[in-house]
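[1] the following comprises the amino acid sequence and a computationally predicted model.
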Amino acid sequence: MNQILALSFAVIIVILIAVLFRISIKKTAAEKKASELGTTLSRLKIENTRLSKWQVVDDADGRAKEILITAQAELENAKTQAASMISESAQRAKNLEVEALRGLDSAIVQAKGIVAEAEKKAEEIAGSAYEAMKNVEQLGKTAKAMKNIIEGYGDEYLIPRRSLLDDLAEDFGFTEAGINLKAARERTKSMVCNSTAATCEYVEAKRKDTAMDFVVDAFNGKVDSILSRIKNDNAGKLEQEIKDAFTLVNHNGKAFREAAISPEYLASRIDELKWAAVAQQLKLEEKEEQRRIKEQIKEEEKARRDFERAMKDAAKEEDILRKAMEKAQAQIAQASEEQKVKYEAQLTELSERLRAAEEKSQRALSMAQQTKRGHVYIISNIGSFGEHVYKIGLTRRLDPLDRIKELGDSSVPFEFDVHALIFSEDAPALENQLHKHFVMMQMNKVNYRKEFFKVDIGHIREEVEKFGLVAKWTMAALAEEYRQSMLIEKAIAEDPAKKDAWINRQLLLEPADSFAGSDIADKEGLTPCNGLELPVADLTITASGSATRDKS
């Protein structure tokens, strides 16, 4: 059919080109003739003008007029013929175009008839086989999907997924509970991969594996649901629920030739429960400890303000006493012997009071200088500064996160992630020791007050632990806004519809609107949980802004 259409179209094009070429030739000839006649007429007019001077020559004048009239008549006749030829050629071209279109329609109808006839004959010859051939692509996809379902996607789906327990193990990895919880989780995964999590009496390998996978999947589903409710005070109840799930799953597995969860696998999952409960208790204690530290810092802040007020009052009192002493000394110089005794006694009293005021001021200053407690923070900003770049700073704020939020203001494109908040009795000394230890890793080799270091977070943790300080560490940076921005950038690059939706939403946003909190963002399908399918990770440096930093 395609060949017939192409051939018909080619014939029509050739005919049209030929007609247009003939019209062009005739038109050119007519125009040339008209031009020649126009030239002749001009020449005759010039000649007539020249001869008009010789009015005495009547025969020449008459002849010239006759020639002029004849030339004008010939010119008009040529123009008429040219117009007629152009009109005739245009009509013929139009007729040919109509005939060509009719021929093309006829060719298309004829081609469709040929194709339909061929399909009909093919169906008569091949029957249902031809119909199946037309659906071969869809059948191929269906077969592939069925193969995946039958053969499975491997045993990875049977392994307990990463959950809050894994996060708990990471957060408290520096404690015995965190270490043991992580070990229990690894042991659970290993037993599933090694096919030791369950047993079965089937002899045929495939049936045996299928039955074992069935009971392991059922048991893990129940246990994961139970472990998601773990608290520091409900471990006993949840342990019994796990044991009951073990009993029921093994009972149902009897129909599959005694398919059952192994006692060792049960013990491993109960270990997860026990150490998770301990970690939850540590989490509660840590929260209480943080509350106590905040309370302590609050009291120290109040004491500092009291010290400053006491120093100010003492300085004011000293000034008053010195002026009083100067006045007394002036009066002594002009007083009589009896009055001198009186003024000297007053001067002695004022001296004692001045000494007491100076001691009070010095004592307040000394106590204020002893207030060095605070937090040393380790933070990063992958989107702004790249991987493995950390800021090591300190703050005496009651809530150290307030200082970090200030650092992540509009001067940097993304928020900071907090890797550690380390409370210290002498925070300035700890910060200084860390800065000196990592001096070769310092990013800014000119301004040492820019406290950014290119170093592995594990090395920072090791150095802090050498001081015997215990802190909660987040080893991996969340960098949520940065990673979501990269995913959005990729999505709008691949999908024009999402690009347009995102641009329209951005244009409607007010300057103070945030991405995550925008109703428009949700409607357009650009939030992390809608449309772009941004994953949620688990986890929390900035230029100081000037040569002197705020240690408040």
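    In hand now; what should we look at? Numbers count the residues shown, from 1 in each chain.
[2] got the domain ranges for this protein?
    2-114, 156-284, 290-369, 376-523 (automatic domain parsing).
[3] let me have the ones you listed in TSV, adding mean neighbour count and mean pLDDT as columns.
    Yep, even glycine has a C-beta here, placed from its N, CA and C like the rest. Below are the domains of the chain laid out as TSV (neighbours: other CB atoms under 10 Å; pLDDT from 0 to 100):
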stretch	mean neighbour count	mean pLDDT
domain 2-114	13	65
domain 156-284	17	84
domain 290-369	14	76
domain 376-523	16	84
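[4] give me the phi and psi for Thr199.
    Thr199 adopts backbone torsions of phi -130, psi 160, taken as degrees, to the nearest 10.
[5] surely it and Met212 touch.
    Yes: in this structure, Thr199 is within contact of Met212 by CB atoms under 8 Å, at 7.3 Å.
[6] common neighbours of the two, please.
    Ala259 (CB atoms under 8 Å, 6 or more residues apart in numbering).
[7] longest helix of the protein?
    helix 263-334 (DSSP state H).
[8] which strands and helices sit next to the next helix or strand after it?
    For helix 263-334, the succeeding helix or strand toward the C-terminus, using DSSP states H and E, is helix 337-369. Using 3 or more CB pairs under 8 Å, 6 or more residues apart in numbering; DSSP states H and E as the contact test, the elements touching helix 337-369 are helix 263-334.
[9] what is the helix it packs on packed up against?
    Using 3+ CB pairs under 8 Å, 6+ apart, helix 263-334 sits against helix 164-171, helix 176-193, helix 205-227, helix 235-252, helix 337-369.
[10] which one of these lies nearest to Pro400?
    helix 164-171 (17.6 Å; CB to CB).
[11] and Lys120, what pLDDT?
    Listed pLDDT for Lys120 reads 67.
[12] what sits against Tyr482?
    382-383, 414.
[13] in which helix or strand does it reside?
    helix 480-494.
[14] before we move on, what about Ile17?
    Using DSSP H and E, Ile17 sits in helix 2-51.
[15] just checking, Arg229 touches Lys237?
    No: using CB under 8 Å, Arg229 makes no contact with Lys237, being 9.2 Å away.
[16] on the pLDDT front, check Ala116 for me.
    66.
[17] circling back: export the contacts of Tyr482 to JSON lines and tack on secondary structure and distance to Ala29?
    As requested, the contacts of Tyr482 are arranged in JSON lines below (DSSP: H, G, I helix; E, B strand; the rest coil; distance: CB to CB, whole Å):
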{"residue": "Ile382", "secondary structure": "helix", "distance to Ala29": "80"}
{"residue": "Gly383", "secondary structure": "helix", "distance to Ala29": "77"}
{"residue": "Phe414", "secondary structure": "coil", "distance to Ala29": "79"}
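[18] could you pull up the residues touching the nearest residue to Phe452 once chain neighbours are set aside?
    In space, and not counting its chain neighbours, Phe452 is closest to Met443: 4.2 Å by CB to CB, 6 or more residues apart in numbering. Applying CB under 8 Å, 6+ apart, we find Met443 in contact with 389, 450, 452-454.
[19] quick check: the farthest pair among those?
    Lys450 and Lys454 (12.2 Å).
[20] returning to what we had before: quick one: the residue nearest to Phe452 from Ile392, how far?
    11 Å (CB to CB, to the nearest Å).
[21] ditto for Asp319
    For Asp319 relative to Ile392 (CB to CB), the value is 43 Å.
[22] what do you get for Gly178?
    24 Å.
[23] Ser380 too?
    For Ser380, the distance to Ile392 - CB to CB - is 11 Å.
[24] and for whatever helix or strand Ser384 lives in, what's in contact with it?
    Per DSSP H and E: Ser384 is located in helix 382-385. Helix 382-385 is contacted by residues 389, 412-414, 417, 452, 477, 479, 481-482, 485, 541-542 when judged by CB under 8 Å, 6+ apart.
[25] for stretch 262-278, same thing?
    Under CB under 8 Å, 6+ apart, the answer for stretch 262-278 is 165, 168, 177, 180-181, 184-185, 187-188, 191, 196-199, 216, 219, 223, 226-227, 230-232, 234-235, 238-239, 242-243, 246.
[26] what's the answer for stretch 238-251, then?
    So stretch 238-251 is contacted by 215, 218-219, 222-223, 226-227, 229-230, 260-261, 266, 269-270, 273-274 (CB under 8 Å, 6+ apart).
[27] closest to Thr28 among those residues?
    Nearest member of the contacts of stretch 238-251 to Thr28, counting by CB to CB, is Ala218, at 92.5 Å.
[28] quick one: the nearest residue to the closest one once chain neighbours are set aside from Gln280, how far?
    For Ala218, ignoring the flanking residues on the chain, the nearest one in space by CB to CB, 6+ apart is Val249 at 5.2 Å. Here the distance between Val249 and Gln280 works out to 26 Å (CB to CB).
[29] for Asp495, same thing?
    Asp495 is 43 Å from Gln280, by CB to CB.
[30] ok, now Gln91?
    96 Å.
[31] I figured Val376 was touching His419, is that so?
    No: Val376 is beyond contact range of His419, at 11.4 Å (criterion: CB under 8 Å).
[32] would you say Ile392 is within a helix?
    No: secondary structure of Ile392 (DSSP: H, G, I helix; E, B strand; the rest coil): strand, not part of a helix.
[33] leaving out chain neighbours, which residue sits closest to Tyr390?
    In space, Tyr390 is closest to Ser380, 5.1 Å off (CB to CB, 6+ apart).
[34] what's opposite the one you found in the beta bridge?
    Counting by DSSP bridges, Ser380 is bridged to Tyr390, Asp417.
[35] residues in contact with it?
    Contacts of Ser380 (CB under 8 Å, 6+ apart): 389-391, 416-417, 419, 457, 477, 479, 541.
[36] any idea how far it is from Asp402?
    Taken as CB to CB, the span from Ser380 to Asp402 is 18 Å.
[37] mind putting the contacts of Tyr482 in TSV, distance to Lys436 included?
    Listed next are those as TSV, based on distance: CB to CB, whole Å:
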residue	distance to Lys436
Ile382	26
Gly383	29
Phe414	29
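[38] tell me which element Tyr377 is part of?
    Assigned by DSSP H and E, Tyr377 belongs to strand 374-380.
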